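**Q** The following comprises the amino acid sequence and a computationally predicted model.
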Amino acid sequence: MRRRTRKLVGALFMLVFVCVYSLVAMMIAQGRLQEADKIWQNLYYAAAGLSWILPLMPLIRWMERPDPEDAE
């Protein structure tokens, strides 16, 4: 698969993943953190806001991989 195609597939997957991830993070926050202290809410939002990138790092590496050279 060429790099341009990998970037398209990866971008679409990232868009879907981030949408689903944000909905799940909001659902957890609304269900579990509503009555929690502000410090716990802030810590959760900071962790949830930063941790979405960890599962996507292998995908980003795959997207940025150079094209194989033409074997001619």
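**A** Looks like it came in fine.

**Q** need the helices for the chain, in chain order.
**A** 3-32, 38-51, 53-64 (DSSP state H).

**Q** Can you tell me what sits against the second one?
**A** By that I understand helix 38-51. 25, 28-29, 33, 36 (C-beta atoms under 8 Å, 6 or more residues apart in numbering). C-beta here means a position set from N, CA and C on the backbone, and glycine is covered the same way.

**Q** Which pair of those spans the longest distance?
**A** Ala25 and Ala36 (14.6 Å; C-beta to C-beta).

**Q** And those two? Which one has more around it.
**A** Set Ala25 next to Ala36 and count neighbours by other C-beta atoms under 10 Å: Ala25 wins out with 17 against 13.

**Q** any idea how far Leu33 is from the more buried one?
**A** Between Ala25 and Leu33 the computed distance is 10 Å (C-beta to C-beta, to the nearest Å).

**Q** what residue ranges in the chain score low on pLDDT?
**A** Counting by pLDDT under 70, the ranges of the chain that qualify are 70-72.

**Q** hmm, 80 instead?
**A** The chain contains residues with pLDDT under 80 at 69-72.
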